[in-house]
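Asker: I would like to see how this sequence folds:
(chains A and B)
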Amino acid sequence: MAREAFMNLMLGCRQIARNVSRAHDADLTGWARMATRLHLFLCPPCRAYARDIAALRRRIGETVPADPEQHLSTDARQRVCKAADDEGGRSS
Amino acid sequence: MGDKWEADGRRAAVERWLGTHGDALYRYAFLQLRNRESAEDAVQETLLGALRSTHPPDGRASEKTWLFAILKHKLADHARARRRSPLDQCVEPAVQDGADANIEDILFGDNGRWREQASWGDPVRHGEAQAFWRHLSACLRTLPSNQAEVFVLREVEGLSLEDICQITGVTATNAYVLLHRARLTLRRCLANAGFGPDGDS
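Answerer: Here you go, the predicted model:
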């Protein structure tokens, strides 16, 4: 199959997945960027990976601010301030 | 000098740190200690330690990375005290390969193609925020500690690679590898936990 043959000429999915991940953290340049785009166009499993890790990032971004358990409590904040005052030798 | 934080400056500095970095420091501590009170204590020790510091951040190191570095030391002390393996062993990924049996070898065949499909499908329609977070936390605990650490700093706290390298001591190249392996494992773990099309039925 022509598509299979072409895919084999390109970087394998293992390397493409690395590039897809890396693109989240740094810019891909030159050949890596081009090969990754072309591969993604032709390869549904790699497209799924790219979609999923983008969704993971988005989901985390939505979840963390909405969940009170992910925040330092008001009580804890007050304790820290008081400890800082106490340690500084101040009564108030 | 310590004089930097004298008098009213102490309180103002602590309030500012709490306001800007309190949540991030707490989440990072909680990930490693898995206990709310201990994580809160760690944040307190960190900020008091910062007040005592004779080396406040200069222009180069951001305040955030400075505070994270102090917290990291506190957590390492805590781990030593509990005679557990500290989570700051951010060594070369190869050293910890055994821990995740190289996720790439599991997911990719010798021909470099995907061996299995573990796609999420459409993750947005799955579950409430807290359910998602609970699953994600459980999956994070299955990761080697250095992968979880780098992943959380990057994806939860949104730190730059440069800051992450400064805090964890890993090189940028290693950080890319750790992040990629963490993403591969988390995606698979979340799919297994029901965040994929198969487990959704």
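Asker: What ranges does chain A have for its helices?
Answerer: A:2-9, A:13-25, A:30-42, A:44-66, A:74-87 (DSSP state H).
Asker: Please identify the most buried of these.
Answerer: For those, the largest average neighbour count (mean count of other C-beta atoms under 10 Å in any protein chain shown) is found in helix A:13-25, namely a mean of 20. In short, each C-beta sits where N, CA and C put it, glycine included.
Asker: Need the residues that contact that one.
Answerer: With C-beta atoms under 8 Å, 6 or more residues apart in numbering or on different chains as the contact definition, helix A:13-25 has outside contacts at A:10-11, A:28, A:32-33, A:35-36, A:39-40, A:43, A:45-46, A:49-50, A:53-54, A:57, B:104, B:107-108, B:112-114, B:154, B:161, B:175-176, B:179-180, B:183-184.
Asker: Could you export the helices of chain A to JSON lines, including columns for mean pLDDT?
Answerer: Shown next, in JSON lines, are the helices of chain A (pLDDT from 0 to 100):
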{"stretch": "helix A:2-9", "mean pLDDT": "59"}
{"stretch": "helix A:13-25", "mean pLDDT": "94"}
{"stretch": "helix A:30-42", "mean pLDDT": "91"}
{"stretch": "helix A:44-66", "mean pLDDT": "89"}
{"stretch": "helix A:74-87", "mean pLDDT": "90"}
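Asker: closest one to B:Leu25 among the ones you listed?
Answerer: Nearest to B:Leu25 among those is helix A:74-87 (10.3 Å), distances taken as C-beta to C-beta.
Asker: who touches that closest one?
Answerer: Applying C-beta under 8 Å, 6+ apart, the contact partners of helix A:74-87 are A:91-92, B:10-11, B:14-15, B:18, B:22, B:26, B:40, B:43-44, B:47-48, B:51.
Asker: Now rank those by neighbours and give me the top one.
Answerer: B:Val43 (30 neighbours; other C-beta atoms under 10 Å in any protein chain shown).
Asker: Make sure it is actually in contact with B:His21.
Answerer: No - taking contacts as C-beta atoms under 8 Å, B:Val43 lies outside contact range of B:His21: 9.1 Å.
Asker: show me where chain B has helices.
Answerer: Under the criterion DSSP H, helices of chain B are mapped to B:8-33, B:36-52, B:63-81, B:97-100, B:103-107, B:129-140, B:145-151, B:161-168, B:172-190.
Asker: I'd like to know which of these has the weakest mean confidence.
Answerer: In terms of mean pLDDT, the lowest-scoring of those is helix B:97-100 (a mean of 50).
Asker: Spatially nearest residue to B:His73, not counting backbone neighbours?
Answerer: Among residues not flanking B:His73 along the chain, B:Gly49 sits closest, at 7.8 Å (C-beta to C-beta, 6 or more residues apart in numbering or on different chains).
Asker: For chain A, what's its nearest residue on chain B.
Answerer: Closest approach of chain B to chain A (C-beta to the nearest C-beta) occurs at B:Gly112, with a separation of 2.3 Å.
Asker: My guess is that residue contacts A:Gly12. True?
Answerer: Yes - look at B:Gly112 against A:Gly12 with C-beta under 8 Å: they come within range, at 2.3 Å.
Asker: Residue in chain A with the shortest distance to chain B?
Answerer: For chain A, C-beta to the nearest C-beta, closest residue to chain B: A:Gly12, 2.3 Å.
Asker: for that residue, what are its contacts?
Answerer: Listed by C-beta under 8 Å, 6+ apart, the contact partners of A:Gly12 are B:Phe108, B:Asn111, B:Gly112, B:Arg113.
Asker: of all these, which two lie farthest apart?
Answerer: B:Phe108 and B:Asn111 (8.3 Å).
Asker: Neighbour count for those two, which is higher?
Answerer: B:Phe108 (20 against 11).
Asker: Any idea what that one is bridged to?
Answerer: As for beta bridges, B:Phe108 partners with B:Trp114 under DSSP bridges.
Asker: What separation do you get for the residue of chain A closest to chain B and A:Cys43?
Answerer: 10 Å (C-beta to C-beta, to the nearest Å).
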